[in-house]
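# Fold the following and give me the result.
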Amino acid sequence: MLSTNDFDFELPEELIAQTPLEDRSGSKLLLLNKQNGEIKDEYFPAILNELESGDALVMNDTRVLPARLHGVKPETGGHLEVLLLKNTAGDQWETLVKPAKRARTGTKISFGDGRLEAVIKEELDHGGRIIEFYYEGVFLEVLESLGEMPLPPYIKERLEDNERYQTVYAKENGSAAAPTAGLHFTQELLEEIKAKGVKLVFLTLHVGLGTFRPVSVDSIEDHEMHSEFYRLSDEAANQLNEVKTAGGKIIAVGTTSIRTLETIGTKFDGEIKADSGWTSIFISPGYDFKLIDAFLTNFHLPKSTLVMLVSAFAGREKVLGAYEHAVKEKYRFFSFGDAMFVK
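Numbers count the residues shown, from 1 in each chain. As a prediction, the model looks like this:
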């Protein structure tokens, strides 16, 4: 029986990347072979050598909302910070509000001198609140002008260019966090990959902030996953089925793409079908992968569900060995950090 502590490792704080590299594809790339545990150090463009004509590279085209808002309570002038998590219905959103003790049901909040107003409708656990927004015009346009990028808590530096926390193929608005394995790709590199005969296939999973939470229970079987919205279109399902039938590999970019594909593979007994819904799939050692053959990912938090997912595919000891190597070689960790390709 594995415990959460089995996925712990020493991570010096200076290895947590605070800012993106000037060149998106300039990061390091650690290659891990899950069969023999072999590790190789490369730079990101070497991903080209790992892809073959007829393979599918599956990417998450979600777009991060500038979901952090700073508002005031009109009656008192007290400051409240609101983080949008997910749209529940109409103009109602599930949010996190700080300080929660000042955010009771019925509280009114004003943002941007009244350009956006809100009322707290319901109190949830852990500072969660259901909020209804009132505004003129288009909500996403108001949000673009007033909101900030919700960078993960371990990033202390301010981001100069919001687009650096979006993938170059981000399209579908709705994430509270970026699918960070995709941040390494440039349009030029994607063109080179396509020219090699690799199919670029897009799905959508709106990333929730639960992604960043370390597991707080002792036994990983007791961990309750947050739920996230996903969608795989008819076109994408057809492309993946063609690749599979022809003997090509399905290569996922990031844990969000893995979770979407494996949710669908589990639901349809290993078949790939167009589908959408909410997933709270928790992939940990012992899980039997249904669809993916290899994947690209960043380096994750100790004790996180993401380290557990990577370990489920490649084996805990091999993964922790690769992480130890990455620490020794001073790889950059987390959202703006370096990448790892596991096959």
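# Going by neighbour count, list what's buried in stretch 44-57.
Phe44, Pro45, Ile47, Glu50, Leu51, Asp55, Ala56, Leu57 (16 or more other CB atoms under 10 Å). C-beta here means a position set from N, CA and C on the backbone, and glycine is covered the same way.
# Please disregard the earlier target; I meant stretch 241-256.
Val243, Lys244, Gly248, Lys249, Ile250, Ile251, Ala252, Val253, Gly254, Thr255, Thr256.
# check contacts around the closest residue to Leu51 other than its chain neighbours.
Spatial nearest neighbour of Leu51, excluding adjacent residues (CB to CB, 6 or more residues apart in numbering): Val198 at 4.9 Å. Applying CB atoms under 8 Å, 6 or more residues apart in numbering to Val198 gives the contacts Leu51, Glu52, Ser53, Gly54, Asp55, Ala56, Leu57.
# Mind doing that once more with 7 Å?
Leu51, Ser53, Asp55, Leu57 (CB atoms under 7 Å, 6 or more residues apart in numbering).
# now for these, which pair is the farthest apart?
Ser53 and Leu57 (11.9 Å; CB to CB).
# What residues does Leu116 make contact with?
Taking CB under 7 Å, 6+ apart, one finds Phe133, Tyr135, Val142, Leu146 in contact with Leu116.
# Now do it, the pLDDT please.
pLDDT, Leu116: 98.
# Quickly note the distance from it to Glu132.
11 Å (CB to CB, to the nearest Å).
# and if you look at Pro12?
Going from Pro12 to Glu132 by CB to CB gives 44 Å.
# Kindly report the same for Glu144.
With CB to CB as the criterion, Glu144 and Glu132 are 20 Å apart.
# For those two, work out which one has more neighbours and name it.
For Glu144 versus Glu132, neighbours defined as other CB atoms under 10 Å are more numerous around Glu132 (16 against 13).
# can you pull the pLDDT of the residue nearest to the more buried one when sequence neighbours are not counted?
Of all residues not flanking Glu132 in the chain, Gln92 sits nearest, at 4.9 Å (CB to CB, 6+ apart). The per-residue pLDDT reported for Gln92 equals 97.
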